[in-house]
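*Asks:* please work out how this folds:
(chains A and B)
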Amino acid sequence: MAKILMKGNEAIGEGAVRAGCRYFFGYPITPQSELPHYLAKRLPEVGGLYLQSESETAAINMVYGAAGAGARVMTSSSGPGISLMQEGISYLAGAELPCVIVNMIRGGPGLGNIAPAQSDYFQATRGGGHGDYRVIVLAPASVQEIIDLMQVAFDLADRYRNPVMVAGDGILGQMMEPVELGEEKEIEIPPRPWAATGRMGGDKKLISSLYIVPEELEQHNLKLAQKYTLIIEQEQRWEEYQLAGAKLVLVAFGTAARICKAVVDRCREEGLAVGLIRPITLWPFPQKAFAPVINEAEGFLVVEMSLGQMVEDVRLTVNGRRPVYFYGRCGGMLPVAADVVREVKKLYGGEGQ
Amino acid sequence: MQKVFTRPRSLKDIPTHYCPGCTHGIVHRLVAEVIDELDIFDRTIGVAPVGCSVFAYNYFDCDMFQASHGRAPAVATGIKRVLPDRVVFTYQGDGDLAAIGTGEIVHAAARGEKFTVIFINNAIYAMTGGQMAPTTLLGQKTTTTPYGRDKEVNGYPVKIAEMLSVLDGTAYVARVSVHDPASVVKAKKAIKRAFEVQLAGLGFSLVEVLSACPTNWGLPPVEALKWLAENMIPYYPLGEYKKPAEVG
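*Replies:* Residues are numbered from 1 along each chain as shown, chains lettered A, B, ... in the order given. Model prediction:
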């Protein structure tokens, strides 16, 4: 099948439709606008519904209602809107409802700006709302990967009855790349015997995150914890790039990882043994990726479009066995490959110097 | 012997957590009777957000959603848009609907969402300990207006039925009371009409029910009903504010 050119934001929409998503609820915000534009056109073509809500708060609660009623459903936003959704995400996690939430991250805090950033990593991976819960977070780095990961996102949401966040940024959303869409498949959505769809002769169903008796809430929390442990065991995803013999391992995700691939190429050309680990799941963080390289690597350099957030997960993973360095740009600015190369050379103690 | 009075099928046979003299029990029963009479129990889905009635899912025997504070109309929108042939209702208090959830209720009404809202106006936040609600009357003493609600400080009570009835998306809006048997009968008629409007696909329907909270008003149950009649009804006039021609 021929490749076609697609924008990242549109690819999220097409990927969702091809993954069987038929309901989208959302509120306008930059830089994800092309996604609602795309779905407002596309969903009615496949018998689905695009509904513009009065706020992000309402959007995430519409998602709660639709998910609880058994639909494959998604919403999307950017930093400030995702902040408004946090209460709803906590309820979705507590009630164990599957859904997909897209965050095309922009510069913050506050209104910040609309330029690409990765500064919502903490919010995404630490459970930005209240209570003990986790959200699975996927971070694509290309338009093709967006298409592939949207199917994964909906499948993971269903498999674990858990919200899944897809975290990108303005560059990924705006960038056009050739993609292979593949054959459009008939998607079978797994049965949802827990959904509250009206009793229709069956048992009563309840969608709720309320456990007023502490003993019961503790049991519920422990049940969620078991699920999270299983996700950590089963669902770590990452890409390895030029890791063989790497003395210095870069760690970066999304757009920053694309820049780092260029850095690795340039360093390798100059004889510097530099490689890259690109986390695809931000939660669960791909700790397994570090085990094979930790002995050979002399250090890790984390590159982010923030003041340094994922670097904390790298430090937790490396656990003091090797030095972990950080280089980042923030406020919507991008790391430039030449600057990262300079940083690498500062740190690199091997044959390159 | 013929049974002349029985529990509606749509209500569970368990004691409620509501205080003595609270009128939630009456309204629950009216809603359940209407669901039974319209024979829609099996395809009805209820949404109960935060407030005293957050445990309504324990009493209504149909499928239920517990929702976050104020967001029931958004949750109900999600449900009804996915399952348009089901009957969906929300059961919300005044703090929930008329303060934190104003955005959601106004826009659900404006969109003409085809579900039914039962709105309990008891002029107070009850579950959290008797604080001033958006519907608290001027001069009314609450735990956060110990000197009485002062318009200079807290402004004026919100009249939801009047407000929502001007929106084109609303098909049926009524305000009723449950302070005496005649009012209870009228209240049931309004609730039934609201569900019928939904079944006919005519648009958004809401019934505001003036309700008593003896515990937080600091009154014995009988006096609380009297207080409701003498103080709330003059400020919140009863009646059908909007009804479609299709409904008699």
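*Asks:* look at the residue nearest to residue B:217 when sequence neighbours are not counted and give its secondary structure.
*Replies:* Among residues not flanking residue B:217 along the chain, residue B:224 sits closest, at 5.5 Å (Cβ to Cβ, 6 or more residues apart in numbering or on different chains). Where you see a C-beta, it was placed from the backbone N, CA and C, and this is true even at glycine. At residue B:224 the chain is in helix, as set by DSSP: H, G, I helix; E, B strand; the rest coil.
*Asks:* and for residue B:224, the neighbour number?
*Replies:* As a burial measure, residue B:224 scores 23 neighbours (other Cβ atoms under 10 Å in any protein chain shown).
*Asks:* what sits against it?
*Replies:* B:21, B:212-214, B:217 (Cβ atoms under 8 Å, 6 or more residues apart in numbering or on different chains).
*Asks:* swap in residue A:27?
*Replies:* A:52-56, A:58-59, A:77, A:81.
*Asks:* stretch B:39-53 and chain A, are they touching?
*Replies:* Yes. For a cut-off given as Cβ under 8 Å from any Cβ of the partner chain, stretch B:39-53 has contacts with chain A, namely B:41-45, B:47.
*Asks:* please save the CA atoms from that stretch in CSV.
*Replies:* Provided in CSV are the C-alpha atoms of stretch B:39-53 (Å, rounded to 0.1, in the frame of the first residue of the first chain):
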residue,chain,number,x,y,z
ASP,B,39,-42.2,0.5,32.2
ILE,B,40,-38.7,1.7,31.5
PHE,B,41,-36.9,0.1,34.5
ASP,B,42,-34.8,-2.2,32.4
ARG,B,43,-33.5,0.5,30.1
THR,B,44,-33.0,3.3,32.6
ILE,B,45,-29.6,4.6,33.8
GLY,B,46,-29.3,7.0,36.7
VAL,B,47,-26.4,9.4,37.5
ALA,B,48,-25.9,10.6,41.1
PRO,B,49,-23.1,13.1,41.7
VAL,B,50,-21.6,14.4,45.0
GLY,B,51,-24.0,15.5,47.7
CYS,B,52,-26.4,13.8,50.2
SER,B,53,-27.8,11.8,47.2
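*Asks:* which of the residues in it are buried?
*Replies:* Of all the residues in stretch B:39-53, those buried under the rule 16 or more other Cβ atoms under 10 Å in any protein chain shown are B:40-53.
*Asks:* thought residue A:241 was touching residue A:261?
*Replies:* Yes. With contact defined as Cβ atoms under 8 Å, residue A:241 and residue A:261 form a contacting pair (5.8 Å).
*Asks:* okay, and the common contacts of these two?
*Replies:* Counting by Cβ under 8 Å, 6+ apart, the residues touching both residue A:241 and residue A:261 are residue A:276.
*Asks:* what's the span of stretch A:47-60 from first residue to last?
*Replies:* Between the opening and closing residues of stretch A:47-60 lies a distance of 21 Å (Cα to Cα, to the nearest Å).
*Asks:* what residues sit buried inside it?
*Replies:* Within stretch A:47-60, the residues that count as buried by 16+ other Cβ under 10 Å are A:48-51, A:53-60.
*Asks:* what does stretch B:112-122 give?
*Replies:* Residues B:113-122 are the ones in stretch B:112-122 that count as buried (16+ other Cβ under 10 Å).
*Asks:* residues making contact with stretch A:117-130?
*Replies:* By Cβ under 8 Å, 6+ apart, stretch A:117-130 touches A:79, A:82-83, A:86-90, A:93, A:103, A:105-109, A:133-135, A:137, A:165, A:167, A:169-170, A:253-256, A:282-283, A:285, A:304-307, A:309-310, A:313, A:330-332.
*Asks:* find the closest residue to chain B in chain A.
*Replies:* Chain B sits closest to residue A:65 of chain A, with a gap of 2.5 Å, by Cβ to the nearest Cβ.
*Asks:* do a quick rundown of the helices in the stretch 201-350 of chain A.
*Replies:* A:214-234, A:254-269, A:310-318, A:337-347 (DSSP state H, counting those that start in this stretch).
*Asks:* just chain B next, same as before
*Replies:* Here chain B has its helices, by DSSP state H, at B:24-37, B:56-59, B:72-82, B:94-95, B:102-110, B:151-154, B:160-165, B:181-199, B:214-217, B:221-227, B:233-235.
*Asks:* and residue A:10, which of those helices is closest to it?
*Replies:* When these are compared by Cβ to Cβ, helix B:72-82 sits nearest residue A:10, at 23.5 Å.
*Asks:* distance between that closest one and the chain's centre?
*Replies:* Its chain's C-alpha centre and that of helix B:72-82 lie 17 Å apart, by Cα atoms, centre = their mean, to the nearest Å.
*Asks:* packing partners of it?
*Replies:* Applying 3 or more Cβ pairs under 8 Å, 6 or more residues apart in numbering or on different chains; DSSP states H and E, one finds that helix B:72-82 makes contact with strand A:23-26, strand A:49-52, helix A:56-68, strand B:44-48, strand B:87-93, helix B:102-110.
*Asks:* about what we covered before: tell me the most packed of the contacts of residue B:224, by neighbour count.
*Replies:* Greatest neighbour count in the contacts of residue B:224, by other Cβ under 10 Å, goes to residue B:212: 29 neighbours.
*Asks:* number of residues surrounding residue A:41?
*Replies:* Residue A:41 has 11 neighbours, counted by other Cβ under 10 Å.
*Asks:* list the contacts of it.
*Replies:* Applying Cβ under 8 Å, 6+ apart, no residues qualify as near residue A:41.
*Asks:* let's see the pLDDT reported for it.
*Replies:* For residue A:41, the pLDDT comes out at 98.
*Asks:* could you say which helix or strand holds it?
*Replies:* Here residue A:41, judged by DSSP states H and E, is contained in helix A:34-45.
*Asks:* related to what we said a few turns ago, so how far is chain A from the residue nearest to residue B:217?
*Replies:* According to Cβ to the nearest Cβ, to the nearest Å, residue B:224 stands 26 Å off from chain A.
*Asks:* helix, strand, or coil at residue A:183?
*Replies:* Per three-state DSSP, residue A:183 ends up coil.
*Asks:* how about it, phi and psi?
*Replies:* Backbone geometry at residue A:183, expressed as degrees, to the nearest 10, gives phi -70, psi 140.
*Asks:* before we move on, back to that, near chain B too, which of the contacts of stretch A:117-130?
*Replies:* Okay, of these touching chain B (Cβ under 8 Å from any Cβ), that's A:87-88.
*Asks:* which of the contacts of stretch A:117-130 are buried?
*Replies:* A:79, A:82-83, A:86-90, A:93, A:103, A:105-108, A:133-135, A:137, A:165, A:167, A:169-170, A:253-256, A:282-283, A:285, A:304-306, A:309-310, A:313, A:330, A:332.
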